[in-house]
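>>> Here is my input; please provide its structure:
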Amino acid sequence: MSRRAAGTKRWNRIRKRWESWTGKRWAPAAYSNEMSLLRQPHDPAKGPVFTPEQRQYLLDRVVAQESLKGWDAVHRTAHTVTLRGPAAGPSLLGLLTLGTLALLAPDARRPRRKLLGIDEQGHVWIREA
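Here you go, the predicted structure:
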């Protein structure tokens, strides 16, 4: 059994979209300057190439949009950004089965994180979730 490298792309024939391997699962592009390119079976890596300044601008727009949803940028590089989201609370099942013990658990409200990366064609992919 071969291991996939994170960032490997594939065409999903059922959902009719391009997806990227995050290391745990296949995920669609989070954002794109041209989402229609990701809904066609042609390789999106063959599209127009963006300059580093254009890619930085697009990534800034994504961070601004995610901040409206409660996510904070905690680390940035030239082509990636790590976001920390609102803490995930205990599940309803946990509340029903454990009562108040679920609220007292130290890891019950662990913050969520995701790493977004932008490729040369201006498509933003979830690299880790």
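
>>> and after the helix or strand of the chain with the lowest mean pLDDT, which helix or strand comes next?
Taking mean pLDDT, DSSP states H and E as the measure, helix 101-104 is the helix or strand of the chain with the lowest mean score, a mean of 53. Note on helix 101-104: by DSSP states H and E, the next helix or strand toward the C-terminus is strand 113-118.

>>> Where does pLDDT dip in the chain?
For the chain, applying pLDDT under 70 flags the ranges 1-2, 87-111, 129.

>>> Let me see the ranges of the helices in it.
52-67, 92-98, 101-104 (DSSP state H).

>>> By neighbour count, which bits of the longest one are buried? Give me those.
Residues of helix 52-67 classed as buried under the neighbour-count rule (16 or more other Cβ atoms under 10 Å) are R55, L58, L59, V62, V63, E66. Yep, even glycine has a C-beta here, placed from its N, CA and C like the rest.

>>> Now for the second one: which residues touch it?
When the contact criterion is Cβ atoms under 8 Å, 6 or more residues apart in numbering, the partners of L58 are Y31, N33, F50, I118, G122, V124.
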